[in-house]
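Colleague: Just need the structure, nothing else, for what follows:
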Amino acid sequence: MCQTGAVVNSIERRPAERRRERQRQHIVDSALTLFESHGFDDTSVDQIADASDVSPRTFFRYFPSKQDVVLDTVVDAVAKLADRLLERPDDEPIPDALCEAAAGVVADITEVERVERALAVMVTTPVLLAGFMERTSAEEILVDPIRRRWPHLGDLEASVAATMGAALLRHPLLHIGRCRDEATDPVDLLRRRFAISRRLWSDG
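Modeller: Numbering: from 1, shown residues only. You can find the predicted model right below:
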């Protein structure tokens, strides 16, 4: 009886969760349109709420601040790096696994216009760039999955691997934001940077 009730409650929650996610994405899209037309600094939460047909109070139920509209959109995509890393083959060398995991995340992002728009707003706004660097630090996004993926690594080794992975990912993402209309493939850019880094380390 209890199990049946739990299943019913779960099913009942799903439409509400979908509605909440649609509302969240509507707020993001409305905010990005305002940021693109008026600039991030000259756009207020009240304006975002009005454009989204919600009250400011409702806006704050979804996002603590207007910065989080952009940063959550980007960081949610970047956070998939951990899942990608855990999916890599067991016998793959650590540098190659980091590179391919990061390449998979970048490829996914280029298929989502909302994330590309958020990146474009972010790279022209110093406070957002600072928040991005803080929230995508190696410690934040990679140390724990690296320790799970390679439990034999010591703390220093895991930290170095995490720093490498975060650095691999950041530059192509910033490139997407700055050069959305350019033909350069950000995944190819990531792999070329990785190959150069590996060659420099080998030559050293």
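
Colleague: list the buried ones in stretch 94-111?
Modeller: 94-95, 97-106, 109 (16 or more other C-beta atoms under 10 Å). C-betas here are computed from N, CA, C, even on glycine.

Colleague: okay, and the helix or strand of the protein with the least pLDDT?
Modeller: The helix or strand of the chain with the poorest confidence is helix 138-141; it has a mean of 73 (mean pLDDT, DSSP states H and E).

Colleague: What is that helix packed up against?
Modeller: Using 3 or more C-beta pairs under 8 Å, 6 or more residues apart in numbering; DSSP states H and E, the elements in contact with helix 138-141 are helix 155-178.

Colleague: ok, and for the helix it packs on, which residues are buried?
Modeller: So, applying 16+ other C-beta under 10 Å, buried residues of helix 155-178: 158-159, 161-162, 164-166, 168-170, 172-177.

Colleague: Could you chop the chain up by domain?
Modeller: In terms of domains, the chain is parsed into 1-63, 66-204 (source: automatic domain parsing).

Colleague: What mean pLDDT does the first one get?
Modeller: Averaged over domain 1-63, pLDDT sits at 85.

Colleague: What is the distance between that domain and the centre of its chain?
Modeller: Its chain's C-alpha centre and that of domain 1-63 lie 18 Å apart, by C-alpha atoms, centre = their mean, to the nearest Å.

Colleague: Tell me how many other residues crowd residue 78.
Modeller: 23 (other C-beta atoms under 10 Å).

Colleague: you'd agree it is up against residue 104?
Modeller: No - Residue 78 is not in contact with residue 104 according to C-beta atoms under 8 Å; the separation is 11.8 Å.

Colleague: Distance of residue 83 relative to residue 94?
Modeller: 17 Å (C-beta to C-beta, to the nearest Å).
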